[in-house]
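Trainee: here is the input, now give the coordinates:
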Amino acid sequence: MTAKAKALPSGWSLAKASLATWRKHLKALTLLIALVAVPASLVQLLVNSSDGTISTYVSLVSVIMNLALVWMILQLEGGAKTVSLRQAYYDGTAGFVRFLLVSAVLVAELIPATVGLFIYSIGVAGAAPGTTGFERVIVTLLALALTIPSLFWINRSLLALVVVPGGQLRPMAAIRDSWGRVKGRSWQVLRKLLFLILAAVLLIAIPAIILVFLYERTTNRGFLALLQVFASLVILPFIDIYFVKLNQELS
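Mentor: Numbers count the residues shown, from 1 in each chain. Okay, here's the model as predicted:
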């Protein structure tokens with residue numbers, strides 16, 4: 001008989017542990033993120049680009065920043081007393097191509113869900129006058145049928161994003177590693193991911209409401225830039241630490 005898989009900690013326990021780790025390494029994590037997030041937000045605020053150059057630049061540096069951040073968290077969680085910014089951005093981004101390829105696989109896994117949402121928006125949310133309730137139900141079921149496989153794949157594959165920075169696994173090997181860790185505990189992992197979404201929303205809710213309100217009253221884009229910086233400095237490390245801890249528990 002195979003041993004029963006160990007129950008994972010609750011989402012609340014993982015969230016508390018993630019916040020504790022974030023506070024413990026607050027200076028290092030904040031400096032690493034601010035080095036990229038603040039200049040990127042200023043560029044978006046001060047430079048208008050109609051050809052997408054700025055958005056492409058911000059997307060690229062954001063991927064690099066996140067990869068360096070995950071690598072730093074893995075080193076600190078592995079027992080390293082300090083990790084320099086130079087180490088994080090030079091050594092930590094060595095797996096950049098592998099990280100991008102894993103991200104591309106995750107995007108491909110979301111294609112059925114994207115098609116399902118498109119069908120739902122056309123057939124239900126934007127249905128033509130005269131569409132019957134039965135037709136709406138059929139379209140909704142079709143959209144749901146397309147969405148479920150994507151949710152299953154993403155739930156199994158998502159942890160590959162924290163597997164790649166910590167080793168030398170190739171993209172598909174990292175995906176398989178993630179699937180192996182989640183196997184037999186898919187529902188537990190899904191609940192943890194749903195709790196993570198809820199916790200992140202709660203963390204950002206009050207600052208977001210205040211800054212969006214100020215933006216709507218003043219039309220000053222600086223408030224949106226502040227919101228972006230806040231999300232980068234607080235929400236991003238919280239999410240990455242949570243993923244790292246969840247992956248450790250699955251190990």
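
Trainee: same question for the host helix or strand of residue 179, mean pLDDT?
Mentor: In this assignment (DSSP states H and E), residue 179 forms part of helix 171-182. Averaging pLDDT along helix 171-182 yields 95.

Trainee: buried stuff in it?
Mentor: 171, 174-179, 181-182 (16 or more other C-beta atoms under 10 Å). All C-beta atoms are positioned from the backbone trio N, CA, C, and that covers glycine.

Trainee: swap in stretch 69-77?
Mentor: If you call a residue buried by 16+ other C-beta under 10 Å, then stretch 69-77 has these buried ones: 69-77.

Trainee: got it, and stretch 81-95?
Mentor: By 16+ other C-beta under 10 Å, the buried positions in stretch 81-95 come out as 83, 88-89, 92-93, 95.

Trainee: also stretch 221-228?
Mentor: Under 16+ other C-beta under 10 Å, the buried positions of stretch 221-228 are 223-228.

Trainee: helix or strand: which one has the nearest residue to residue 171 once chain neighbours are set aside?
Mentor: Nearest residue to residue 171, sequence neighbours excluded (C-beta to C-beta, 6 or more residues apart in numbering): residue 101, at 4.0 Å. Using DSSP H and E, residue 101 maps to helix 96-109.

Trainee: what angle separates the helix or strand following that helix from helix 96-109?
Mentor: Next along the chain after helix 96-109, taking DSSP H and E as the criterion, comes helix 111-120. Orientation of helix 111-120 against helix 96-109 (axes from the mean of the first three to the mean of the last three C-alpha atoms, to 10 degrees) gives an angle of 40 degrees.

Trainee: chain center to whichever helix or strand comes after helix 111-120, what's the gap?
Mentor: Next along the chain after helix 111-120, taking DSSP H and E as the criterion, comes helix 133-157. Distance of helix 133-157 from its chain centroid, counting by C-alpha atoms, centre = their mean, to the nearest Å, is 22 Å.

Trainee: next secondary structure element downstream of helix 133-157?
Mentor: That would be, after helix 133-157 and using DSSP H and E, helix 160-163.

Trainee: right, and residue 239 touches residue 196 too?
Mentor: Yes - shown here, residue 239 and residue 196 form a contact pair, counting by C-beta atoms under 8 Å, at 6.6 Å.

Trainee: so what's residue 225 up against?
Mentor: 41-42, 44-45 (C-beta atoms under 8 Å, 6 or more residues apart in numbering).

Trainee: I'd like the secondary structure assignment at it, please.
Mentor: When classified by DSSP: H, G, I helix; E, B strand; the rest coil, residue 225 comes out as helix.

Trainee: could I get the phi/psi values of residue 170?
Mentor: phi -70, psi 160 (degrees, to the nearest 10).

Trainee: that one - nearest residue in space that isn't next to it in sequence?
Mentor: Residue 170 sits nearest to residue 98 (C-beta to C-beta, 6+ apart), 6.5 Å away.

Trainee: how about residue 149?
Mentor: Of all residues not flanking residue 149 in the chain, residue 112 sits nearest, at 5.2 Å (C-beta to C-beta, 6+ apart).

Trainee: I'd say the one you found and residue 151 touch.
Mentor: No - Residue 112 is beyond contact range of residue 151, at 9.4 Å (criterion: C-beta under 8 Å).

Trainee: what angle sits between the helix holding residue 101 and helix 133-157?
Mentor: Going by the same axes, to 10 degrees, helix 96-109 makes 160 degrees with helix 133-157.

Trainee: on that earlier part again, more neighbours, residue 112 and residue 151?
Mentor: residue 112 (19 against 15; other C-beta atoms under 10 Å).

Trainee: so residue 92: helix, strand or coil?
Mentor: Using three-state DSSP, the structure places residue 92 in coil.

Trainee: adding pLDDT and distance to residue 15, write the buried residues of stretch 221-228 out as JSON lines.
Mentor: Listed next are these as JSON lines, based on pLDDT from 0 to 100; distance: C-beta to C-beta, whole Å:
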{"residue": "223", "pLDDT": "93", "distance to residue 15": "27"}
{"residue": "224", "pLDDT": "90", "distance to residue 15": "27"}
{"residue": "225", "pLDDT": "90", "distance to residue 15": "27"}
{"residue": "226", "pLDDT": "93", "distance to residue 15": "24"}
{"residue": "227", "pLDDT": "93", "distance to residue 15": "21"}
{"residue": "228", "pLDDT": "92", "distance to residue 15": "23"}
